[in-house]
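>>> I would like to see how this sequence folds:
(chains A and B)
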Amino acid sequence: GAGVSQSPSNKVTEKGKDVELRCDPISGHTALYWYRQSLGQGLEFLIYFQGNSAPDKSGLPSDRFSAERTGGSVSTLTIQRTQQEDSAVYLCASSPSFEGYTFGSGTRLTVV
Amino acid sequence: RKEVEQDPGPFNVPEGATVAFNCTYSNSASQSFFWYRQDCRKEPKLLMSVYSSGNEDGRFTAQLNRASQYISLLIRDSKLSDSATYLCAVRKSGGSNYKLTFGKGTLLTVNP
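Got it, this is the predicted structure:
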């Protein structure tokens, strides 16, 4: 597609439920990143996929968070047993290599 | 010391003013530098890359000072539409890891 596509755009879930967030990167971009941004806070790195290399998971805040990237394209970020502190905007980005990222419009997650 | 630091502002300037933001980084091995713009409740968008020789794009000028480990963004003849949060981003050296670290952003409001 022309840009990075994320779905859903908004998600309200009950505490303790699992959620899946989807990212469809720009075609041909080898690198895919997940960040999250809490209200008034900066961008917090979560996980990074590069081609067929092992992902950089160093930013995942707990073992409730996981992500996969299938076929070098679409990625899914899963949060298990959601907590209220997980409420944030989850942003996906892709890049061809050393260039800057292109971000998707994000998924606004609210845990109630 | 944080990896990437920015003055959070807010900067309130009148239309037509010149305004400058700085961003400091802690890792001297950092290789690539970018400025992003983020409008309220939107995703960050790449404004410009920052090159060693400095670069200009219309009213925007970006500079890199490796000795003092900071990058700067200068906006001339500011417009109402320049009101946004400006994020700097830094990529460390290190093989094929293209991950960016972002500052928390500087809020700019241009007033009529």
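>>> and stretch B:16-26, which residues are buried?
Within stretch B:16-26, the residues that count as buried by 16 or more other CB atoms under 10 Å in any protein chain shown are B:19, B:21, B:22, B:23, B:24, B:25. For the C-beta atoms, the positions are set from N, CA and C on the backbone; glycine is no exception.
>>> and the spatially most central residue of chain A, what does it touch?
By CA atoms, centre = their mean, chain A has its centre lying nearest to residue A:34, at 3.5 Å. Taking CB atoms under 8 Å, 6 or more residues apart in numbering or on different chains, we find residue A:34 in contact with A:23, A:46, A:47, A:48, A:67, A:75, A:77, A:90, A:91, A:92.
>>> Just give me the closest of the residues you listed to chain B.
For the contacts of residue A:34, the residue nearest chain B by CB to the nearest CB is residue A:48; the value is 5.1 Å.
>>> Just give the nearest non-adjacent residue to the residue of chain A found nearest chain B, would you?
Across chain A, no residue is closer to chain B than residue A:42, which sits at 3.6 Å (CB to the nearest CB). Nearest residue to residue A:42 in three dimensions, chain neighbours excluded: residue B:104, at 3.6 Å (CB to CB, 6 or more residues apart in numbering or on different chains).
>>> Provide the secondary structure category for the one you found.
Secondary structure, DSSP: H, G, I helix; E, B strand; the rest coil: residue B:104 is coil.
>>> thought it was touching residue A:38?
No - using CB atoms under 8 Å as the test, residue B:104 is too far from residue A:38 to be in contact (11.0 Å).
>>> who's more crowded, those two?
Neighbour count, other CB atoms under 10 Å in any protein chain shown: between residue B:104 and residue A:38, residue B:104 has more, with 19 against 13.
>>> And that one, how far from residue B:8?
Distance of residue B:104 to residue B:8, computed by CB to CB, to the nearest Å: 6 Å.
>>> Noted, bye for now.
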